[in-house]
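> this one's structure only:
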């Protein structure tokens, strides 16, 4: 067992699960989507990105790119949330909630791809 | 030095090293922001505690952690919040300090700097879009050749094992940028990085003072880039034989070369003068030497150099007496065991009756001392001094010897002649076969016309790429003679300040000193000697249709379609 692999897998899967947890629920109902979960998903996703730095393999490069996509989507979601509450002053209307959740849905897709790569790499190496 | 990893390794090295500090920073910021959103603030009008949103918490942490500190925004904090902020400040300042320390440590890291330098070198070599020479070894010889090639307008890439000398190469005031790498030329991978297999590589010069490194370069050049000409310096017979077996085009042994020159000088002084004048470093003036006399010679120092000299003197059947500290190892020649710097050994060798002396030990101080003592004993003596270190030239210039033998200069002259004007070598070979009178007349004529300053020596090939105007005209069937071509393009009644030395034809014998009425053919190659301005003028004639037409007919061609239509017979 390799501790590095454990941590790597942990963060990638955790990023995907947290993202999924935030995403599930009615798309325009603010009660179904917790801001702390979005925050946790964003932080874990950032850490997962940094963990992927410095990998020279082809699959490592694609890993990094999926993570960057997830980060981008989640940051966009957080910015929409901040805009709705503090700048527009309307609070979390159903429209705003829907756009935040759909952005996080995109991130979820990137995270799923990342997990698929993780599994594929594990199977490929057979170690 | 290790073989380099893939070219983007520097970027990855930085990212890999920054992983820990970046994760720590993200974690600290996340904990701090989360805590701030959870900590209860002062109560609002209804008495409920106000909590910071994520937006405000992130805003607050961003300016607090970076020690900007705007105060408590957007509302005054409660004591619970302040308690948490204290913890946050200490955590985040430590995190930032760690990140900055890692960045600076990384930037001053020797391995990283080396990797960045190598990276820069690689991209500089890769982006070369013009012919360049790869020089291995930036010692005295390397520096001389670099300077001369740079002045002649060629690009140069340097590989040198000593990083101090690489720094020196960067400090020199070259016209073009000279990429230099501190690495061992033994390693073929390094040679590839330095452009051995680059498509613009015009030649490889192995000039290190280590024969095995030169041999390694010769082998690498032969196997990896067989079409690239390689010039190698080799100072022992074994190495030169080994290089020759690998098909190295030119092997330069400075001692052997000098003994050849010496033999030539004894045999045919004018040919020797001509050779020195033609192969000198561009921009220098050749001093007219006294011709070496025939008669008994004395040689001090029977080492690598001495043996070649003895062979040369034997070929010219000059009697030679050898002075060496070691016991006689050569029984065919007179041998005096002793110190040549003292008058006793010199007298014993018969310095009063000798025609010339060669101070050929490996110590510059000894050589000067021998020369001074010998001159005192016999002021008429012809003195040949071996100068091992270029840096001693002030001493050697002050003592007026007849000939200075400087290995680094011999190598650089030879390299430049071979590299920049390949036709010069066949010309010199042919010249050595001609008699003394012929050489003397040629020398008088050329130096009378162009002076003793080292002339520009260059070759011109009549083909589509280097002489398009002339080539097209020859292809149309016009007959052009050499004399037509050597008229000045600004005034055709004047001659260009240059002369053709050799006409090379692929399907015919080479023509020495072609006459002015020789008609030229496409594919001919000319070796020319003269002033540098003449070279530029000739290039204009060869490449520009209007200049060529003026030179051939004295008429200006009509330029442009309209004028050609308007002027009858404008276009021929």
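Perfect, thanks for sending it. Please read all numbers here as calculations on a predicted model, not as lab measurements. Numbering: from 1, shown residues only, chains lettered A, B, ... in the order given.
> For chain A, which residues are neighbours of chain B?
A:35-36, A:39, A:43, A:46-47, A:50-51, A:53-54, A:56, A:78, A:81-82, A:85-86 (Cβ under 8 Å from any Cβ of the partner chain). (Glycine included, C-beta is placed from N, CA and C.)
> Now with 7 Å, please.
A:35, A:39, A:43, A:46-47, A:50-51, A:53-54, A:56, A:82, A:85-86 (Cβ under 7 Å from any Cβ of the partner chain).
> Tabulate the residues you listed (a markdown table), appending secondary structure, pLDDT and neighbour count.
Formatted as a markdown table, these follow (DSSP: H, G, I helix; E, B strand; the rest coil; pLDDT from 0 to 100; neighbours: other Cβ atoms under 10 Å in any protein chain shown):
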| residue | secondary structure | pLDDT | neighbour count |
| --- | --- | --- | --- |
| A:35 | helix | 91 | 17 |
| A:39 | helix | 94 | 22 |
| A:43 | helix | 94 | 20 |
| A:46 | helix | 93 | 24 |
| A:47 | helix | 92 | 21 |
| A:50 | helix | 89 | 21 |
| A:51 | helix | 87 | 21 |
| A:53 | coil | 83 | 19 |
| A:54 | coil | 73 | 17 |
| A:56 | coil | 70 | 12 |
| A:82 | helix | 90 | 17 |
| A:85 | helix | 89 | 18 |
| A:86 | helix | 87 | 15 |
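> Around residue B:87, how many other residues sit close by?
12 (other Cβ atoms under 10 Å in any protein chain shown).
> Which strand or helix spans it?
Using DSSP states H and E, residue B:87 sits within helix B:79-107.
> What helices and strands are in contact with the helix or strand just after that helix?
Under the assignment DSSP H and E, the closest C-terminal helix or strand after helix B:79-107 is helix B:110-126. Counting contacts by 3 or more Cβ pairs under 7 Å, 6 or more residues apart in numbering or on different chains; DSSP states H and E, helix B:110-126 packs against helix B:9-17.
> rerun that using 8 Å as the cut-off
helix B:9-17, strand B:180-182, helix B:188-193 (3 or more Cβ pairs under 8 Å, 6 or more residues apart in numbering or on different chains; DSSP states H and E).
> on that earlier part again, the inter-axis angle of the helix holding residue B:87 versus helix B:110-126?
Angle of helix B:79-107 versus helix B:110-126, following axes from the mean of the first three to the mean of the last three Cα atoms, to 10 degrees, is 60 degrees.
> and helix B:79-107, does that touch chain A?
No - judged by Cβ under 8 Å from any Cβ, helix B:79-107 makes no contact with chain A; its nearest approach is 11.8 Å.
> tell me the average confidence for that helix?
The average pLDDT within helix B:79-107 is 90.
> try stretch B:398-407
Stretch B:398-407 carries an average pLDDT of 82.
> So which residues of chain A form helices?
A:3-23, A:35-51, A:58-82, A:94-125 (DSSP state H).
> highest average neighbour count across these?
Ranked by mean neighbour count, these are led by helix A:35-51 with a mean of 22 (mean count of other Cβ atoms under 10 Å in any protein chain shown).
> by how many degrees do that helix and helix A:58-82 diverge?
150 degrees.
> need the helices of chain A in JSON lines with distance to residue B:406, can you?
Formatted as JSON lines, those follow (distance: least, Cβ to Cβ, whole Å):
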{"stretch": "helix A:3-23", "distance to residue B:406": "61"}
{"stretch": "helix A:35-51", "distance to residue B:406": "60"}
{"stretch": "helix A:58-82", "distance to residue B:406": "55"}
{"stretch": "helix A:94-125", "distance to residue B:406": "63"}
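> what about those, which gets the closest to residue B:323?
Nearest to residue B:323, of all these, is helix A:58-82, at 71.1 Å by Cβ to Cβ.
> elements contacting that closest one?
Right, helix A:58-82 is packed against helix A:3-23, helix A:35-51, helix A:94-125, helix B:54-65 by 3+ Cβ pairs under 8 Å, 6+ apart.
> quick one on the thing from earlier: chain A: which of the helices and strands packed on helix B:110-126 is closest?
helix B:9-17 (3.2 Å; Cβ to the nearest Cβ).
> just checking, what packs against that closest one?
In terms of contacts (3+ Cβ pairs under 8 Å, 6+ apart), helix B:9-17 is packed against helix B:79-107, helix B:110-126.
> can you list those helices in TSV and add distance to residue A:119?
TSV is the format used below for the helices and strands packed on helix B:9-17 (distance: least, Cβ to Cβ, whole Å):
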stretch	distance to residue A:119
helix B:79-107	33
helix B:110-126	34
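> What is the burial count for the closest residue in space to residue B:80 that isn't next to it in sequence?
Nearest residue to residue B:80, sequence neighbours excluded (Cβ to Cβ, 6 or more residues apart in numbering or on different chains): residue B:39, at 5.0 Å. When neighbours are defined as other Cβ under 10 Å, residue B:39 has 20 of them.
> wait, what's in contact with residue B:39?
B:51-52, B:78, B:80-81, B:83-84 (Cβ atoms under 8 Å, 6 or more residues apart in numbering or on different chains).
> Top of those residues by number of neighbours, please.
Highest neighbour count within the contacts of residue B:39: residue B:81, with 24 neighbours (other Cβ under 10 Å).
> And the residue in chain A positioned nearest to chain B, its phi and psi?
Nearest residue of chain A to chain B: residue A:54, at 3.2 Å (Cβ to the nearest Cβ). With angles defined as degrees, to the nearest 10, residue A:54 sits at phi 80, psi 10.
> Excluding covalently adjacent residues, which one is nearest to it?
With Cβ to Cβ, 6+ apart as the criterion, residue A:54 has its nearest non-adjacent residue at 3.2 Å, and that residue is residue B:16.
> mind checking the end-to-end distance for stretch B:524-543?
15 Å (Cα to Cα, to the nearest Å).
> If we go by neighbour counts, what in stretch B:401-418 is buried?
By neighbour count on 16 or more other Cβ atoms under 10 Å in any protein chain shown, the buried set for stretch B:401-418 is B:401-403, B:405-418.
> State the helix or strand in which the residue in the stretch 251-400 of chain B that chain A sits nearest to lies.
The nearest approach of the stretch 251-400 of chain B to chain A comes at residue B:251, 42.6 Å away (Cβ to the nearest Cβ). When elements are assigned from DSSP H and E, residue B:251 belongs to strand B:250-252.
> Relative to that strand, what are the paired strands and their orientations?
With DSSP bridges as the test, strand B:250-252 is paired with strand B:230-233 (parallel).
> Look up how far residue B:260 lies from residue B:230.
Taking Cβ to Cβ, to the nearest Å as the measure, residue B:230 falls 21 Å from residue B:260.
> before we move on, the earlier item: which one of the helices and strands packed on helix A:58-82 lies closest to residue B:499?
Residue B:499 lies closest, by Cβ to Cβ, to one member of the helices and strands packed on helix A:58-82: helix A:35-51, at 71.5 Å.
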